[in-house]
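1. coordinates only, sequence not included:
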């Protein structure tokens with residue numbers, strides 16, 4: 001099988017993207033761990049006012065981490081689908097199911113971050129959102145994703 005310039009450029013750019021995204025995700029995971037589970041909180045020393053570590057803060061950070069790893073696994077599936085050993089199995093089914101599942105999961109976690117931030121930012125203001133409506137929207141997002 002001959003590979004053209006487009007195939008190689010696509011393959012190499014995806015590999016570089018995986019390495020960069022993995023490095024960012026691993027660094028972010030380490031910083032979140034030090035922020036939530038240690039008293040030093042070195043990852044946020046540069047901030048003037050440190051955020052309070054409550055349940056909403058933890059869930060937002062967990063959702064961001066899960067979203068990043070879902071996007072990375074989506075990129076890995078895209079790279080794996082370029083290899084010749086994928087021709088023995090149903091490549092289209094594998095790529096469509098797993099890549100779309102990872103992408104939808106990543107988007108679901110990002111939607112949940114948005115809903116939790118709406119609750120966390122406005123919970124003590126006059127523009128407070130009804131928590132039951134936000135919970136219903138969150139359940140709706142999880143079910144439809």
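-> Alright, I've got the coordinates. Treat the numbers as computed from the prediction; the structure is a model and nothing was measured.
2. so what's the residue nearest to the spatial centre of the chain closest to, chain neighbours aside?
-> Residue closest to the average C-alpha location in the chain (Cα atoms, centre = their mean): residue 67, at 1.3 Å. Nearest residue to residue 67 in three dimensions, chain neighbours excluded: residue 109, at 3.8 Å (Cβ to Cβ, 6 or more residues apart in numbering). All C-beta atoms are positioned from the backbone trio N, CA, C, and that covers glycine.
3. pLDDT weak spots in the protein?
-> 1-3, 83-91 (pLDDT under 70).
4. just the helices in it please.
-> 5-37, 55-80, 91-122, 131-144 (DSSP state H).
5. what is the neighbour count of the closest residue to residue 15 other than its chain neighbours?
-> Leaving aside its sequence neighbours, residue 15 sits nearest to residue 79 (Cβ to Cβ, 6+ apart; 6.1 Å). Other residues within reach of residue 79, judged by other Cβ atoms under 10 Å, total 16.
6. coming back round to it: residues contacting the residue nearest to the centre of the chain?
-> Counting by Cβ atoms under 8 Å, 6 or more residues apart in numbering, residue 67 makes contact with 105-107, 109-110, 113.
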